[in-house]
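Engineer: Dropping the sequence and predicted coords here.
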Amino acid sequence: MAENERKIAGVSKGELERRWALVRDHLRERKIDALIAVSTEAPNNSGYTRWLTDATSAYRHVVVFHANDLMTVVEHGFHGTRREVKGADAQHPGVGEILNVAEFPAVNYNQRYEAEAIVAMLKGRGYARVALINPDGMPWAFVEMIKGALAGKGEVIDETEAFDRWRAIKSAEEKDFIMQAIRMQDAVFEKVLEKTRPGMRDLEVASIIYYEGRLLGSTHGTIMSGSAPKGQPAPILPPNAQGRRFETGDYMAVLLENTGPGGYFAEVARPISLGKPSDELLENFEKAKAAQAYSTSLMKPGADCREIFKAYNEYMKQHGLPEEGRIHSHAQGYDIVQRPLIRFDEPMKLEPDMFFAVHPAISSPTNFTFVCDNLFITAEGNSGWLHATERKVFEI
């Protein structure tokens, strides 16, 4: 079998080396022996570890990035085994050794297995200063064991801020993968319009999106669709709530938040009407677009995310529209939602080459309207909308 024949797409070795140089220089400057990142079980949220290795797993896995050595990876497998690959395994670029544990997230008694393997490795190497990435998002038992192992002998610190900034600023190669995801979603939305008919269920629309996306290189993501009769809200809904059958006269909200080739997320959402759309839907969609345009006008280098969020909610309030209490806009990459976030508690400032989804929603007892588009922050301001999908209420 040819090398990497099974892999759909991934970044180049040069891109990985760019990332590794950022991390290694930072560790050496800060006199840190190693950095540790943990994925979750789902590939949707494996961005920290994938950024280092370009690898995903159906199970939780851990990456230890050494300041002066190839990486150590702890992943699911035959418990207690070790494989030394010395950077020569095409499926594990930059990895020196692979440690295997048989851990399952829903089984309480095996939640310390990865940490046990790492503690033994840290002690064997004599490390005294270790950095964790997103420690508050790691399993409690994992963090407790790592900190306990170095208590009184060394130091465990949090280096998330630096790492989050590296991930947020996209390279030219990453931007190309993101544009592939955007073009994929445009093509998939055309298929939705072509294939959706009255009498189908919401889950069939979601299945079209998943199927057509997979054919174009998508691997995973969130696909939500929800329909309702005129006069009722039609919010985007998760898979277990997509059983409704829609008919002529109904409308729906459709969200594509799936990856393109290479695992980068983009996000587009539009309303679809089965027949002539109601005046309320048309009016609210225009209001949503206007709110989106206002907040986007504030998105430029140096802007404070908290101030943008505050100004957006003030705009909504002044126009008699519902304020946002969750998240109005956010960066994307290997994760659906990653920093910086446009909301009340984000300290990071905007910089060129950050990539964002902007998705205002207007909800009432009689209507739900949702629009989402992507943009890049540029040196001059921002790129404007990147999807080619027309920004309108579509009629089938």
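Structural biologist: Cool, the structure landed.
Engineer: how much space is there between the residue of the chain positioned farthest from its centre and residue 128?
Structural biologist: Using C-alpha atoms, centre = their mean, the residue of the chain lying farthest from its centre is residue 152. It sits 37.0 Å away. As defined by C-beta to C-beta, to the nearest Å, residue 152 lies at a distance of 11 Å from residue 128. (C-beta placed from N, C-alpha, C; glycine too.)
Engineer: Repeat that for residue 166.
Structural biologist: For residue 166 relative to residue 128 (C-beta to C-beta), the value is 24 Å.
Engineer: Same question for residue 116.
Structural biologist: According to C-beta to C-beta, residue 116 stands 19 Å off from residue 128.
Engineer: So which of the two has more stuff around it?
Structural biologist: Ranked by neighbour count (other C-beta atoms under 10 Å), residue 116 and residue 128 place residue 116 first, with 18 against 13.
Engineer: mind listing the helices for this protein?
Structural biologist: Applying DSSP state H to the chain gives helices spanning 13-29, 47-53, 113-125, 140-150, 160-168, 172-195, 202-215, 279-297, 305-318.
Engineer: can you redo these as a markdown table with mean pLDDT?
Structural biologist: Converted to a markdown table, the helices of the chain look like this (pLDDT from 0 to 100):
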| stretch | mean pLDDT |
| --- | --- |
| helix 13-29 | 97 |
| helix 47-53 | 93 |
| helix 113-125 | 95 |
| helix 140-150 | 95 |
| helix 160-168 | 97 |
| helix 172-195 | 98 |
| helix 202-215 | 97 |
| helix 279-297 | 97 |
| helix 305-318 | 97 |
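Engineer: one step back: could I get the pLDDT score of the residue farthest from the centre of the chain?
Structural biologist: pLDDT for residue 152: 91.
Engineer: Next one: it from residue 31, what distance?
Structural biologist: 19 Å.
Engineer: try residue 276
Structural biologist: Per C-beta to C-beta, residue 276 is found 67 Å from residue 31.
Engineer: Repeat that for residue 265.
Structural biologist: The gap separating residue 265 from residue 31 is 35 Å, by C-beta to C-beta.
Engineer: Correct me if wrong: residue 231 contacts residue 368.
Structural biologist: No. Using C-beta atoms under 8 Å, residue 231 is not in contact with residue 368; the gap is 11.5 Å.
Engineer: between those two, which one's more packed in?
Structural biologist: Remark: of residue 231 and residue 368, residue 368 carries more neighbours, 22 against 10, as counted by other C-beta under 10 Å.
Engineer: All the strands of the stretch 251-396 of the chain, residue numbers only.
Structural biologist: Assigned by DSSP state E, counting those that start in this stretch, the strands in the stretch 251-396 of the chain fall at 251-258, 268-273, 329-331, 338-342, 355-358, 361-364, 367-370, 373-376, 394-395.
Engineer: so for the shortest one, what's the average pLDDT?
Structural biologist: This predicted structure assigns strand 394-395 an average pLDDT of 98.
Engineer: Show me what that strand is packed against.
Structural biologist: strand 268-273 (3 or more C-beta pairs under 8 Å, 6 or more residues apart in numbering; DSSP states H and E).
Engineer: What helices and strands are in contact with the strand it packs on?
Structural biologist: helix 172-195, strand 251-258, helix 279-297, strand 367-370, strand 394-395.
Engineer: got a markdown table for these, with distance to residue 353 too?
Structural biologist: Shown next, in a markdown table, are those (distance: least, C-beta to C-beta, whole Å):
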| stretch | distance to residue 353 |
| --- | --- |
| helix 172-195 | 7 |
| strand 251-258 | 21 |
| helix 279-297 | 17 |
| strand 367-370 | 27 |
| strand 394-395 | 32 |
